[in-house]
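Visitor: pasting the structure only:
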């Protein structure tokens, strides 16, 4: 087997490993505990590079909406390095409080919570709360199911709420979704989610390549034309 | 080598398992990269108090009453309860809107609403951190072969009784080494009639069908 062929084989197998791992993580997320033993979470896998790019562009757009969301730019650049992303949703937290009057949302009863006006869907609002915290907590279990399985099978992971918010904004998730979180996964020798340089959104492999190409291109063009 | 009897093997094993679960929860994933959670493990004495408290809420909450009766059964065999708690205010400045306020600063300034179960309004990401820790403990318990259930009611009761202090939100993970798995038997204390009459009335949304199921007309 030639070197080129075996390297190509490695790259294909690596991508296949990501696809299999994403589905195992979905299984783990789905079987974690749910409050009251009632299902309400879905997990969506995006393992197409173009889909991930769309999501990253949406995250970048959203970073302009609020001063507090400056870190979205960095999230987007990090997520471009992910091989697949999983997005976990909570389908009942928005419209269907759990009727246990837990007061986590600050409304003494779920009836008050139903009557409360939701935040409008507009720039600067990621989730149109108030949400039923008790229901939305289901996402915590699902996320830890993903994290726990990823650690078991040796997959690098990073959890990003910007990803969930962007997917909701793009309408990729079920209509009733009240809250969503995203997990990026990667099968590479160095985890792209850890040990990230401070200005990674400005200085990363892509921007460096672009700069070199932009700088050298006029000379190439003059030499080869 | 001295012989160690089965009872003490199991009891000591349970204690060690709870310690390991606590470590797993302590080091679990969290937003904001900072662990602000409080955690305690309680034994039979506190569990009895919790059970009595839960049972006393029977008129208000059939679910709490059921869990009170359940705990009294549970403590007949070696068991332990890990309780996790956290404060409600947001240190993150994410301004995500999930709590119903546009910014974290607004939520932190909002009037605190106190109740027996939890103080609100609370930051959704604080809630997530707390429950991720609970799941990390539960996930390890599962791998160690313990019987395990995440129980919010017992966490609420521990907070109301100030067994865990200085927290606004609480959740608990109950583990047991009983000979028969004591958890997840919803028919143990209730007849079908009781379920239909009391439970459905109290929790119309509780046993609604799973996603994709056909719902009742009045949904």
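Guide: Right, received. Where do you want to start? The structure displayed is predicted, hence computed values, not measured ones.

Visitor: list the buried ones in stretch A:117-132?
Guide: Neighbour-count burial for stretch A:117-132, counted by 16 or more other CB atoms under 10 Å in any protein chain shown, picks out A:118-119, A:124-132. For glycine as for every other residue, the C-beta is placed from the backbone atoms N, C-alpha and C.

Visitor: Between the two ends of that stretch, how far is it?
Guide: End-to-end distance for stretch A:117-132, by CA to CA, to the nearest Å: 13 Å.

Visitor: what about that stretch and chain B, any contact?
Guide: Yes - using CB under 8 Å from any CB of the partner chain, we find that stretch A:117-132 touches chain B at A:118-119, A:124-131.

Visitor: Just the closest of those to residue A:184, please.
Guide: For the residues of stretch A:117-132 next to chain B, the residue nearest residue A:184 by CB to CB is residue A:126; the value is 17.7 Å.

Visitor: host element of the residue nearest to the spatial centre of chain A?
Guide: Taking CA atoms, centre = their mean, the centroid of chain A lies closest to residue A:182, which sits 2.7 Å from it. Take DSSP states H and E as the rule and residue A:182 turns out to sit in strand A:179-186.

Visitor: Next: residue A:214.
Guide: Using DSSP H and E, residue A:214 sits in helix A:205-224.

Visitor: Could you list the buried residues of that helix?
Guide: Buried, per 16+ other CB under 10 Å, within helix A:205-224: nothing.

Visitor: Can you name the residues in contact with that helix?
Guide: By CB atoms under 8 Å, 6 or more residues apart in numbering or on different chains, the surrounding residues in contact with helix A:205-224 are A:77, A:80.

Visitor: Residue B:6 and residue B:176: what is the separation?
Guide: Distance of residue B:6 to residue B:176, computed by CB to CB, to the nearest Å: 16 Å.

Visitor: Pick out whichever of the two has more residues nearby.
Guide: residue B:176 (23 against 7; other CB atoms under 10 Å in any protein chain shown).

Visitor: contacting residues around the more buried one?
Guide: By CB under 8 Å, 6+ apart, the residues touching residue B:176 are B:74, B:77-80, B:146-148, B:182-183.

Visitor: Look up which residues are beta-bridged to it.
Guide: residue B:79, residue B:147 (DSSP bridges).

Visitor: For it, give me the pLDDT.
Guide: With respect to pLDDT, residue B:176 scores 96.

Visitor: now the one 4 residues further on
Guide: The confidence metric pLDDT takes the value 90 at residue B:180.

Visitor: got it, and residue A:116?
Guide: The per-residue pLDDT reported for residue A:116 equals 93.

Visitor: show me where chain A has helices.
Guide: A:3-30, A:49-62, A:72-80, A:110-115, A:133-136, A:138-153, A:161-169, A:205-224 (DSSP state H).

Visitor: Tell me which of those helices sits most buried.
Guide: Neighbour counts (mean count of other CB atoms under 10 Å in any protein chain shown) averaged over each of the helices of chain A peak at helix A:133-136, with a mean of 29.

Visitor: so what secondary structure elements neighbour that one?
Guide: Applying 3 or more CB pairs under 8 Å, 6 or more residues apart in numbering or on different chains; DSSP states H and E, we find helix A:133-136 packed against helix B:124-143.

Visitor: orientation of the helix it packs on relative to helix A:138-153 in degrees?
Guide: If you take axes from the mean of the first three to the mean of the last three CA atoms, to 10 degrees, helix B:124-143 sits at 50 degrees to helix A:138-153.

Visitor: average pLDDT for helix B:124-143?
Guide: Mean pLDDT, computed over helix B:124-143, is 96.

Visitor: What mean pLDDT does the helix or strand that contains residue B:193 get?
Guide: Under the criterion of DSSP H and E, residue B:193 resides in helix B:192-194. What helix B:192-194 shows for mean pLDDT is 72.

Visitor: same deal with stretch A:63-79?
Guide: Across stretch A:63-79, the average pLDDT comes to 95.

Visitor: cool, stretch B:2-13 as well?
Guide: 94.

Visitor: How far off centre is that stretch?
Guide: 28 Å (CA atoms, centre = their mean, to the nearest Å).

Visitor: Now residue A:129: closest residue in space, sequence neighbours ignored.
Guide: Nearest residue to residue A:129 in three dimensions, chain neighbours excluded: residue B:100, at 4.0 Å (CB to CB, 6 or more residues apart in numbering or on different chains).

Visitor: circling back: could you confirm whether any residue of the strand holding residue A:182 contacts chain B?
Guide: Yes - Strand A:179-186 is in contact with chain B by CB under 8 Å from any CB, via A:179, A:181.

Visitor: Quick check: phi and psi at residue B:75.
Guide: Dihedral angles of residue B:75 (phi, psi; degrees, to the nearest 10) stand at phi -80, psi 0.

Visitor: let me fix that: residue B:120
Guide: In terms of degrees, to the nearest 10, the main-chain angles of residue B:120 are phi -130, psi 180.

Visitor: nearest residue to it other than its sequence neighbours?
Guide: residue A:106 (3.1 Å).
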